[in-house]
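S.K.: give me coordinates for this.
(chains A and B)
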Amino acid sequence: MIEFHAVSFGYDDQETILESVDFRILPGLTLLVGPNGCGKSTLLKLAAGVEIPDKGRITVDGFDLWKDEIAARRKLAYLPEQTDLTPYASVKDIVRLVCRLQGEPAESGMEALRFFSLQEVSARTVRELSLGQRRRAVFAAALIGRQTHVLLDEPLEGMDRKISGSILAWIRRRVESGTSVVVVSHSLEPFLDLASQAITVKQGHVLTFDALPESPDEKLTTLDVMAKG
Amino acid sequence: MASTLSHRTGWAFFLFHLRVGTRLALRLLIPVLSAVFFFFYVLRPEFFYSLIDACFRLGFPVPGIVSTLIGIGTAAMAAPRVCLGFDGWLRHLPGKASVQRRLMAVAVGIAQVPILFVLAALVLVAARHTEFPAAAYICGLPFLGLASAYSVLPSRKQKATRMLAAASCVLVASANWVYLLAGVLLAAAADVALDPVYSSRKRHRIRRYLPTSLFLLGISWRALTFRLILAYLKPLLILGLTSIFLSNNEIDQALARAAVRFGGGLSLAMACGYLAAKLDLRRPPWSWARSLPWSAGWRIRQDAEFLFLAMVPALIPIGLLSLQALWPLCAALPALTLHAAASMRSTYYSRGGVARKILIEGSLGVILISLVPWSAGLLLAATPIFFSLAARAEQVQKVSRWDELRHLAVGDPLVWSS
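M.R.: Below is the predicted model of the structure:
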């Protein structure tokens, strides 16, 4: 379980994105919704250990994200919105790195590349890839291993219908196996039937809905209201 | 268990950064070797011997400062390519921030190997002809690589680390065993002082709104800024050679003016090509802007005006060489800048890019103006034709097409040539 304990965060002194928030992300699919610029991606970056909180602490299954760095991060898979990968690393380098870190055989890395049809460009460095290929490469890295928390920022953005379908099927499998999957997305419909929790950020506070309505229409209405802020 | 885990993740990160560093080093190897061979054969080995001799004869801290500038310059080029993602995807992976940061320093150090190798080779060769402690200097080079990496690694609190690392660079490259030891200690202190957590979060800079009439000019200025100065370096070299030619040969006035027209014209073509290429890379065609109520001619005019204004400082040294030779070049300048603006839009499939195209085509014009000065008047008269051709090139370009060849060679702001 990812838990935020009195977390405050801002990009500068003038504006606070989060102000002493306490919440936890439960197993299942959690939708992180809200209007543009409300702090969804920032919240995900904090949960992934990309940004360090100004105050408070974040734990992943009891491990502090900034004190037990390795133990906490081994349980995370993260797909950022912007694929800021090292330009001189090849796709194979990235996949090998994640395989080694997660203690997975190299074959599971190749499997992830096959999932995104990236085998043929695996020897290319990141700077030789198109933006779509970069995004698929970083998604392939998120597929490796059996992390208990998967954080996805706009996972379907820029993906074709075939891959989108495969991604949704993969998310379903992970949710059914007890993984907590957090998805930031403006399109709610693809995740509607799987979503069990919803989170939004409003004026520095995090609002969580642990029990979304069962009926799809009511669920969509609730999420729609949250997404519109 | 935790220790094994830590070692395993450390090893995985080491292999990753080793590969990244090696790839960067290989990328740097060819330009470095080419430069060395070029200067070795053009300036002759004696030049290097006397340079190194002079450098070491001046004593501490001159060799250290010179080596530091080279080391930090190379590290500053390598660091953004190694550290990209340290505050993003790479950071979420299971590894300690401090370990990752050290390995990034190693990667930046490895990327510098070609330069350090060349320094070592030059010093070794020069040591045969002059006397100085080459062994101490060469032993300090690996530490120079690491310390210079520490001076450029991003961190939240950089000032202290940068000062310690820069001081360490100067000491380890001072060809003195005692200084070397002190430098290593300072490098260790820089490692301790460097905050492992890095965030690219920045205060938002408040920029003034650009008036519409100067919009593209302002964007072009923001895209180039200090690179404008770099554009004048190569032309100055050509003008320097022209000046040497004039002072070493007794030639009549007409021929001297022709020489200045040739050298000056070539320098203008080179500067204009460089700026157009940089502008094409750093401020590529902006698809969305084409939907705004601006004509193609207006967009071309803005680019041509920017290039024209940027060329004005390059005219000063030509005028100093010969004022009479300046006028034909001034007359040809509008055509050159319009042609450059058009080339930025029409060299889509050219691997050589804008700079080479303008240099080659500009050279032909320069030869013509050198031999027949009044032909510059024709070029001036043909300015409207150049303008309409450039506006047409602006209209027909395919701005939103993605091309792999272009992406590999010049489209990526992270390539060395950017």
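
S.K.: so which residues on chain A come close to chain B?
M.R.: A:11-12, A:48-52, A:69-74, A:76, A:78, A:80, A:82-90, A:93-94, A:96-98, A:100-103, A:125, A:127-128, A:130, A:138, A:141 (CB under 8 Å from any CB of the partner chain). From N, CA and C alone the C-beta is placed, and that goes for glycine too.

S.K.: please point out which parts of the helix or strand containing residue B:69 sit buried.
M.R.: Element membership for residue B:69, per DSSP states H and E: helix B:62-83. Across helix B:62-83, burial judged by 16 or more other CB atoms under 10 Å in any protein chain shown covers B:63-68, B:70-72, B:74-75, B:77-79, B:81-83.

S.K.: tell me where the model's unsure across chain B.
M.R.: For chain B, the stretches with pLDDT under 70 are B:1-6, B:130, B:157, B:196-213, B:285-289, B:291-293, B:348-352, B:398-418.

S.K.: residues in contact with the longest helix along chain A: which ones?
M.R.: Secondary structure assigned by DSSP state H gives helix A:161-176 as the longest helix of chain A. Helix A:161-176 has contacts (CB atoms under 8 Å, 6 or more residues apart in numbering or on different chains) with A:28-29, A:115-117, A:136, A:139, A:143, A:150, A:152, A:155-156, A:159, A:181, A:183, A:190-191, A:194.

S.K.: in helices, which of those residues fall?
M.R.: A:115, A:136, A:139, A:143.

S.K.: burial of the last one, as a residue count?
M.R.: Looking back up the chat, that one is residue A:143. Residue neighbour count, defined by other CB atoms under 10 Å in any protein chain shown, stands at 22 for residue A:143.

S.K.: repeat that for the second one.
M.R.: For residue A:136, the count of nearby residues is 24 (other CB under 10 Å).

S.K.: do you know the pLDDT at it?
M.R.: pLDDT, residue A:136: 91.

S.K.: how about the nearest residue to it, chain neighbours excluded?
M.R.: residue A:116 (4.0 Å; CB to CB, 6 or more residues apart in numbering or on different chains).

S.K.: what segments of chain A are strands?
M.R.: Using DSSP state E, the strands of chain A run over A:2-9, A:18-25, A:28-33, A:55-60, A:63-64, A:76-79, A:149-153, A:180-184, A:195-202, A:205-209.

S.K.: show me what the fourth one is in contact with.
M.R.: Translated: strand A:55-60. A:1-8, A:20-21, A:46-47, A:49, A:64-67, A:72-73, A:75-76, A:149.

S.K.: from the chain's centroid, how far away is it?
M.R.: Centroid separation between strand A:55-60 and its chain, computed with CA atoms, centre = their mean, to the nearest Å, is 17 Å.

S.K.: and the angle from that strand to strand A:18-25?
M.R.: Angle, strand A:55-60 to strand A:18-25, by axes from the mean of the first three to the mean of the last three CA atoms, to 10 degrees: 20 degrees.

S.K.: partner strands of strand A:55-60, parallel or antiparallel?
M.R.: When pairing is defined by DSSP bridges, strand A:55-60 lines up against strand A:2-9 (antiparallel), strand A:63-64 (antiparallel).

S.K.: pick the most buried one from those.
M.R.: Here the criterion is mean neighbour count by mean count of other CB atoms under 10 Å in any protein chain shown, and of these the winner is strand A:2-9, at a mean of 19.

S.K.: what's around residue B:117, how many residues?
M.R.: As a measure of burial, residue B:117 has 16 neighbours, counting by other CB under 10 Å.

S.K.: you'd agree it is in a helix?
M.R.: Yes: under DSSP: H, G, I helix; E, B strand; the rest coil, residue B:117 falls within a helix.

S.K.: so in chain A, where's the weakest helix or strand by average pLDDT?
M.R.: helix A:216-227 (a mean of 81; mean pLDDT, DSSP states H and E).

S.K.: show me what it is packed up against.
M.R.: strand A:28-33, strand A:195-202, strand A:205-209 (3 or more CB pairs under 8 Å, 6 or more residues apart in numbering or on different chains; DSSP states H and E).

S.K.: most tightly packed of these?
M.R.: Most buried among the helices and strands packed on helix A:216-227, given mean count of other CB under 10 Å as the contact rule, is strand A:28-33, at a mean of 24.

S.K.: ok, the nearest residue to residue B:170 once chain neighbours are set aside to chain A distance?
M.R.: Nearest residue to residue B:170, sequence neighbours excluded (CB to CB, 6+ apart): residue B:64, at 3.8 Å. Residue B:64 sits 29 Å away from chain A, going by CB to the nearest CB, to the nearest Å.
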